[in-house]
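> Got a predicted structure plus its sequence, pasted below:
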Amino acid sequence: MANQANLYSFPTVDALAPALRRYVISCQEAGLARHGVFKVAVSGGSLPKTLAQALLAEPTSPTDTVKWDKWEIFFADERAVPLDDADSNYGLLKTELLDKLPVDTAPPTVHPINTEVLGDTQELADQYEQTLVRSFAGRDSVRLPIFDLLLLGCGPDGHTCSLFPGHELLRENDAWVAPIEDSPKPPPRRVTLTLPVVTHAVRVAFVATGGGKKEIMKEIFEGGKGLPCALVNERCGERCSWFVDNAAVEGVSYPRRPFNL
Ligand SMILES: O=C(O)[C@H](O)[C@@H](O)[C@H](O)[C@H](O)COP(=O)(O)O
């Protein structure tokens, strides 16, 4: 079990949410200690809803505080659509979470894609990469950006971000953000963080819930087979943590860790 991904399993999403909250807050505190801000990237899918359940809950102690004004939020992947489109990951995060912050909350800094260049996914990716370059102090000084935390989902085919099984994008070693025009999950035109950026983060957390995930979870944790989620596990080791409900890992033999943060 040394240097392997942590698998934390909970009976229900309601039981998972407080643990996810503790984990995110501990990553927040580590980020603040390191550089005074918390740089986090999030996926779309079901993640924003679970995240909202975790982060909008009432604090249970003085240290149980989400310091929203210190958060810099990026998108681990985004669809090439307007921000108010039903397919927008930004739009999803906004409706599920950002719009629900209490009115007196000092807001986080959020970095959406530049929708003026939606017609050109390469330009869209390049401009989003420049957003990272500005935030992470320049490409000349850092080989790869180091996010404090990536919060990711896992698709039923083992994809994460918009990195799909067998896709040539898995071999991208230079760009920080890459375009994709043929995403098997609609919509087809997207931008995504690349695998080196994902696996360079201080911490990576996956949230996967529901019985629909159990077949792919078996493949990821028992075989791997080069699936994007398995590649993240292999490259991140114990920096990677999975927050799942029991239904998602039914029949998966990989050992669960007790969650005791
Ligand atoms: O934009 C996207 O499509 C998402 O970022 C994608 O990577 C998502 O996280 C997974 O497909 C899991 O989705 P679910 O949580 O809905 O299964």
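Yep, it's here. Residues are numbered from 1 along each chain as shown.
> And the residue of the stretch 51-200 of the chain closest to the ligand?
residue 153 (2.6 Å; Cβ to the nearest ligand atom). No exception for glycine: its C-beta is placed from N, CA and C like everyone else's.
> which residues does that residue contact?
43, 44, 45, 46, 47, 160, 206, 207, 208 (Cβ atoms under 8 Å, 6 or more residues apart in numbering).
> if we take those, which one ends up nearest to the ligand?
Distance to the ligand, by Cβ to the nearest ligand atom, is smallest for residue 45 among those, at 2.4 Å.
> quick one: the closest one and residue 155 touch, right?
Yes: if you go by Cβ atoms under 8 Å, residue 45 and residue 155 touch, sitting 7.4 Å apart.
> For those two, work out which one has more neighbours and name it.
The neighbour comparison of residue 45 against residue 155 (other Cβ atoms under 10 Å) goes to residue 155, with 22 against 18.
> Give me the pLDDT value at the more buried one.
Residue 155 carries a pLDDT value of 96.
> Now it: closest residue in space, sequence neighbours ignored.
residue 185 (6.4 Å; Cβ to Cβ, 6 or more residues apart in numbering).
> and the next element down the chain from the lengthiest helix in the chain?
Assignment by DSSP state H gives helix 13-35 as the longest helix of the chain. Downstream of helix 13-35, the next assigned helix or strand under DSSP states H and E is strand 38-42.
> Check which helices and strands that following strand sits against.
With contacts taken as 3 or more Cβ pairs under 8 Å, 6 or more residues apart in numbering; DSSP states H and E, strand 38-42 sits against helix 13-35, strand 71-75, strand 149-152.
> wait, what's in contact with residue 30?
Applying Cβ under 8 Å, 6+ apart, we find residue 30 in contact with 148, 202, 203.
> Does residue 8 fall in a helix, a strand, or a coil region?
Following DSSP: H, G, I helix; E, B strand; the rest coil, the label given to residue 8 is strand.
> Okay, and the beta partners of it?
With DSSP bridges as the criterion, residue 8 is bridged to residue 243.
> could I get the contacts of residue 153 as CSV with distance to the ligand, secondary structure and pLDDT?
Below are the contacts of residue 153 laid out as CSV (distance: Cβ to the nearest ligand atom, whole Å; DSSP: H, G, I helix; E, B strand; the rest coil; pLDDT from 0 to 100):
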residue, distance to the ligand, secondary structure, pLDDT
43, 3, coil, 98
44, 3, coil, 97
45, 2, coil, 96
46, 3, coil, 95
47, 6, helix, 97
160, 6, strand, 98
206, 9, strand, 98
207, 7, strand, 98
208, 7, strand, 98
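> so which of these comes closest to residue 229?
If you rank the contacts of residue 153 by distance to residue 229 using Cβ to Cβ, residue 160 comes first, at 5.0 Å.
> What about that closest one, how many residues nearby?
29.
> wouldn't it be in contact with residue 198 here?
Yes: checked against Cβ under 8 Å, the pair residue 160 and residue 198 is within contact range at 7.5 Å.
> mind listing what the closest residue to residue 147 other than its chain neighbours touches?
Excluding the flanking residues, the one nearest residue 147 by Cβ to Cβ, 6+ apart is residue 201, at 4.1 Å. Residues near residue 201 by Cβ under 8 Å, 6+ apart: 41, 146, 147, 148, 149, 150, 236, 239.
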